[in-house]
Each structure stands twice: as C-alpha cells, then as structure tokens.
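>>> model this:
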Amino acid sequence: MHTPALAPTTAVLAALILTAGGCLGAAQKQVIGTWADPGAGAVYTFEKHGGKVEMTDIVDRDGEHFEVVASHVGRDGELTWIYRVPSTGYVVTGSSTETTADVIAYAWTNEAPSGQQNSGTDRLERRE
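The predicted structure is shown next:
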C-alpha cells in the first residue's frame, strides 16, 4: 500500500514518537485496552508490543480502519499519536492532556491534503 509523504513537521514528530521507549510503567499499563470516542464513534486500541505500549488500531463508526502512522505512551502515561484517514487523506495528530483509569482527554490537530488545519479537544472513554 502506498502512503503519501507526511508534512515535514508531522514527519519529525513521527520520528520522535517512534524512537521513544523504555520499561513499562504503571501509567502505561493503565492505557492498554480499548477506548471509545463517544462523540465521533471511533474505537481506539492500545496494546503492548515489544516492551512498549502502542496505539495499534482505530476503527471509525462506519467501519473504516484509520492508518496509525506513529504512537507513543510515555512512562507517565502521556500519549502521542499520528494517524491517517484513508478515505479523506487527513492526517491527525493527538496528544493526551490528562489520563485516568477511565478517561483519556486529548488535544488534536488535523491537516487536510490541501494543507488546511483544524484543532480541538476531545476525550476517549474506556470500553474494556
């Protein structure tokens, strides 16, 4: 599958996310599982892979799978991620602002293929 090039800022952020690592902390373990965005209806999955916790899947309410480009869960539970929406070409960057056992609050920015950007805040709620 061909993936279009990321904007320079997004590519740098993706590189930083992919190179971060370390031992699993309690806050990282707390994130493992399935989370839902009650407004958008998307479901996010975080799993442990190779000693790291990563966002492994995002499925929109219509069943479309978004392409996770990069993700990182820090020892303190801070999350960062980048994903691409295949049907629109949008690239979305997210960063948690608060993580508890049941809620991940986050800020996001999306960029359309035209370069137009939007941003906002949202939350994920634990499903399992």
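>>> grab the most central residue of this protein for me.
Trp81 (3.5 Å; C-alpha atoms, centre = their mean).
>>> tell me the contacts of it?
17, 55, 68, 70-72, 93-95 (C-beta atoms under 8 Å, 6 or more residues apart in numbering). For glycine as for every other residue, the C-beta is placed from the backbone atoms N, C-alpha and C.
>>> let's see that with 7 Å instead.
Each residue near Trp81 by C-beta atoms under 7 Å, 6 or more residues apart in numbering is listed here: 55, 68, 70-71, 94.
>>> check Thr121 too.
Applying C-beta under 7 Å, 6+ apart to Thr121 gives the contacts 105-107.
>>> quick check, nearest of those residues to Glu64?
Distance to Glu64 across these (C-beta to C-beta) is lowest for Tyr106, with 20.0 Å.
>>> for that closest one, name its beta-bridge partners.
Ser96, Asp122 (DSSP bridges).
>>> same check on His72?
Residues in beta-bridge contact with His72 (DSSP bridges): Thr80.
>>> neighbours of it, how many?
23 (other C-beta atoms under 10 Å).
>>> might one say that it is in contact with Thr80?
Yes - at 5.1 Å, His72 counts as touching Thr80 under the criterion of C-beta atoms under 7 Å.
>>> give the ChimeraX command for selecting the buried subset of the contacts of Thr121.
Here is the ChimeraX selection string for the buried members of the contacts of Thr121, based on 16 or more other C-beta atoms under 10 Å:
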select :106
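>>> turn the contacts of Trp81 into CSV, including secondary structure, pLDDT and distance to Pro86.
Below are those laid out as CSV (DSSP: H, G, I helix; E, B strand; the rest coil; pLDDT from 0 to 100; distance: C-beta to C-beta, whole Å):
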residue, secondary structure, pLDDT, distance to Pro86
Met55, strand, 93, 16
Val68, strand, 97, 12
Ala70, strand, 95, 16
Ser71, strand, 93, 17
Gly94, strand, 96, 17
